[in-house]
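J.: next come a sequence and a model predicted from it.
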Amino acid sequence: QVQLAESGGGLVQAGGSLRLSCAASGNIFSIPVMGWFRQTPEKQRELVATMADGGITNYADSVKGRFTISRDNAMNTVYLQMNSLKPEDTAVYYCHAASLVNKYGLGAPGYLEVWGQGTLVTVSS
């Protein structure tokens with residue numbers, strides 16, 4: 001079993017920064033891909049950024065150049081540094097981990113996939 005615990009959400013003004021953290025516990029060797037998704041009441045859950053165990057990253061176009069995903073394997077933690085935040089970044093951010101992902105960054109059928117409980121990020125204008 002793998003558990004994910006997020007922290008770091010909150011309220012920030014437009015142009016500001018936040019860093020989200022996601023600590024994994026359990027059989028972390030079964031989750032080589034970790035990342036972040038976000039969701040609002042108006043939109044489906046969407047990929048923000050992912051990082052595979054070898055360091056390969058994938059970002060949504062809307063966050064490229066502003067957000068950076070990183071991973072501390074010794075601490076079993078993945079981070080999302082969010083800079084130049086915009087009101088449209090307001091969402092619940094979910095940590096995600098999987099043993100294999102499809103082209104959308106979601107867990108491939110039949111493979112382990114785990115979600116965190118979500119943390120709210122609110123960007124005021």
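T.: Here it is on my side, so go on. Everything numeric in this text was worked out from a predicted model, so none of it was measured.
J.: check contacts around the closest residue to residue 32 other than its chain neighbours.
T.: Using Cβ to Cβ, 6 or more residues apart in numbering and skipping the chain neighbours, the partner closest in space to residue 32 is residue 53 (3.7 Å). In this view, the C-beta of every residue, glycine as well, is placed from N, C-alpha and C. Contacts for residue 53 (Cβ atoms under 8 Å, 6 or more residues apart in numbering) come out as 32-33, 73.
J.: the residue positioned nearest the centre of the chain pairs with what?
T.: What sits nearest the mean C-alpha location of the chain, by Cα atoms, centre = their mean, is residue 36, with 1.5 Å. With DSSP bridges as the criterion, residue 36 is bridged to residue 49, residue 95.
J.: residue 40: neighbouring residues, count only.
T.: For residue 40, the count of nearby residues is 13 (other Cβ atoms under 10 Å).
J.: just to revisit the earlier point, the residue nearest to the centre of the chain contacts residue 95, correct?
T.: Yes: when contacts are counted by Cβ atoms under 8 Å, residue 36 is listed as touching residue 95 (6.2 Å).
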